[in-house]
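Undergrad: Got a predicted structure plus its sequence, pasted below:
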Amino acid sequence: MPSIISPPTVPVGTIKTFGAFGPKYQVGEPMGQLADGDWIIRVTLVETDEKAEYPCTQLIKDPDAE
């Protein structure tokens, strides 16, 4: 029987930036786990309202937007 792995706790609704100087995005819900154990998180770009998928390991490194 496969083990059930809970999605990571992410700051849903928080506005962050891609790296120190990148565009702003809003954190959404976890979408699924990758083969390497990382999780894909749905994000929405603030300026364009475009939806994207972003690895959780990168998301947690990104700073909160000011």
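TA: Alright, I've got the coordinates. Here the structure is a predicted model, which means the values were calculated and not measured. Numbering: from 1, shown residues only.
Undergrad: can you pull the pLDDT of residue 6?
TA: We note a pLDDT of 85 for residue 6 in this prediction.
Undergrad: and it, how many neighbours?
TA: If you count neighbours by other Cβ atoms under 10 Å, residue 6 ends up with 7. In short, each C-beta sits where N, CA and C put it, glycine included.
Undergrad: And it, how far from residue 54?
TA: For residue 6, the distance to residue 54 (Cβ to Cβ, to the nearest Å) stands at 19 Å.
Undergrad: again with residue 48
TA: Separation of residue 48 from residue 54 (Cβ to Cβ): 15 Å.
Undergrad: Report the contact partners of residue 51.
TA: For residue 51, the residues meeting the contact criterion (Cβ atoms under 8 Å, 6 or more residues apart in numbering) are 28, 42, 43, 44, 45.
Undergrad: one more time with 7 Å, if that's ok
TA: When contacts are counted by Cβ atoms under 7 Å, 6 or more residues apart in numbering, residue 51 is found next to 42, 44.
Undergrad: Longest strand in the protein, please.
TA: Longest strand in the chain, counting residues (DSSP state E): strand 24-33.
Undergrad: Quick one: residues in contact with it.
TA: Where contact means Cβ under 7 Å, 6+ apart, the residues beyond strand 24-33 that reach it are 5, 7-8, 10-18, 39-47, 53, 59, 65.
Undergrad: what residue is smack in the middle of the chain?
TA: The residue at the geometric middle of the chain, judged as the C-alpha nearest the mean C-alpha position with Cα atoms, centre = their mean, is residue 41 (3.8 Å).
Undergrad: Please identify the helix or strand for that one.
TA: Assignment of secondary structure by DSSP states H and E places residue 41 within strand 39-45.
Undergrad: how close does residue 46 sit to residue 24?
TA: Between residue 46 and residue 24 the distance is 4 Å, computed by Cβ to Cβ.
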